[in-house]
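requesting a structural model of the entry that follows:
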Amino acid sequence: AFEGVLRNTVSYLEVIHDLCRQRHSDLLVLVIPDELQVSRDLQRKIMEQVKLPATDEWDFRLPNRILSMELQKRGILFIDLLDTFQAMSTKQVLYKRQDSHWNIAGNQIAAEALAERVSSILD
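Below you'll find the model as predicted:
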């Protein structure tokens, strides 16, 4: 199922990218990590619930790597917040409790990363 969703997503992003270029604009895609990709505790809980061995063999980064490769191939600019969120999650909680949306800290980190990238593009 992931391959079909990825294909559709990339197809739509290509259309949006083409429309932006026709209007002499850039498209910048923000790749938002799911809490499951960021939280080791949540990963362990899910693995226990579905009775899968909790090992480091599970690659929670795979969807982002595949999407990043597809965006790079098409020349679409993007920011992937996964590394930043994984690093910062060891210092503070970034998601609302029992809600996969960002809390204030998560929003702040995303805003700073986005501002930094946009600033570098404009320079």
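
what segments of this protein are helices?
For the chain, the helices defined by DSSP state H occupy 2-22, 35-38, 40-49, 62-73, 82-88, 104-122.

please pull out the lowest mean pLDDT helix or strand from the chain.
Taking mean pLDDT, DSSP states H and E as the measure, the helix or strand of the chain with the lowest value is helix 40-49, at a mean of 86.

buried sites along that helix?
For helix 40-49, a neighbour-count test (16 or more other C-beta atoms under 10 Å) marks residue 43 as buried. Heads up, the C-betas are built off the backbone N, CA and C, glycines and all.

picking up where we left off before, got the helices of the chain as TSV, with distance to residue 98 columns?
TSV is the format used below for these (distance: least, C-beta to C-beta, whole Å):
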stretch	distance to residue 98
helix 2-22	25
helix 35-38	10
helix 40-49	10
helix 62-73	23
helix 82-88	18
helix 104-122	15
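
looking at these, which has the lowest confidence?
For the helices of the chain, mean pLDDT drops lowest on helix 40-49, to a mean of 86.

ok, and what's touching that helix?
Around helix 40-49, the neighbours that count as contacts under C-beta atoms under 8 Å, 6 or more residues apart in numbering are 35-36, 53-54, 58, 60.
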